[in-house]
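Colleague: structure of the sequence below:
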Amino acid sequence: MITAQECPTSIFGRDPQTMTVLMGFRFHPATDEENPLQNEVVLSLSPQFTVQENDDGRHIWMVKTPENMRLAETMRSSKRFSSVTVFIDLGGSVENVISMLPTLTEHHPKSDRIFVRGINSQAAARIYDEISSEWLAEHVDDELILRRKAKLI
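Modeller: Residues are numbered from 1 along each chain as shown. You can find the predicted model right below:
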């Protein structure tokens with residue numbers, strides 16, 4: 001694992017995140033020294049989230065279902081992830097992403113990539129139409145990868 005001392009500050013936030021409370025579910029994210037992937041967020045729309053090998057160290061947000069609630073408890077105790085959060089399903093993939101994006105960026109202001117899982121190409125195109133002024137997007141299989149656009153000074 002790479003430590004904060006080995007990488008520039010732009011990759012690692014120097015201030016550890018504080019405890020966050022969202023809809024009654026608390027978690028303690030790892031500090032920057034523990035987590036080189038703290039700037040990556042997974043937003044899963046699947047009612048049955050599946051952990052991928054490259055999810056270690058990432059912030060995980062998943063739609064609230066009984067299965068995901070049980071999995072979230074297990075994931076939180078494993079300490080493999082920076083944070084694990086569940087959110088209320090608004091009924092559609094486009095609605096979930098558009099409404100959750102401001103929340104994700106508020107809770108993870110240094111996030112530079114968001115991996116939206118469980119989304120088809122039509123929904124991905126509709127989402128991109130809504131957010132294209134701030135985000136670049138790439139749709140691969142059932143994952144939409146969002147990257148922040150650089151801000152002009």
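
Colleague: distance of residue 103 from residue 80?
Modeller: Using CB to CB, to the nearest Å, residue 103 is found at 23 Å from residue 80. C-beta coordinates here come from the backbone N, C-alpha and C atoms, glycine included.

Colleague: sketch out the low-pLDDT regions of this protein for me.
Modeller: Filtered on pLDDT under 70, the chain yields the residue ranges 1-38, 151-153.

Colleague: one more time with 90, if that's ok
Modeller: Per-residue confidence for the chain (pLDDT under 90) gives these ranges: 1-39, 79, 91, 110-112, 132-134, 140-142, 148-153.

Colleague: got a list of what the residue positioned nearest the centre of it touches?
Modeller: Closest to where the C-alpha atoms of the chain average out (CA atoms, centre = their mean) is residue 41, at 2.2 Å. Contacts were defined as CB atoms under 8 Å, 6 or more residues apart in numbering; by that measure residue 41 touches 58-61, 104, 108, 111, 113-115.

Colleague: which of the residues you listed lies closest to residue 71?
Modeller: Distances from those to residue 71 were compared by CB to CB; the smallest belongs to residue 60, at 9.5 Å.
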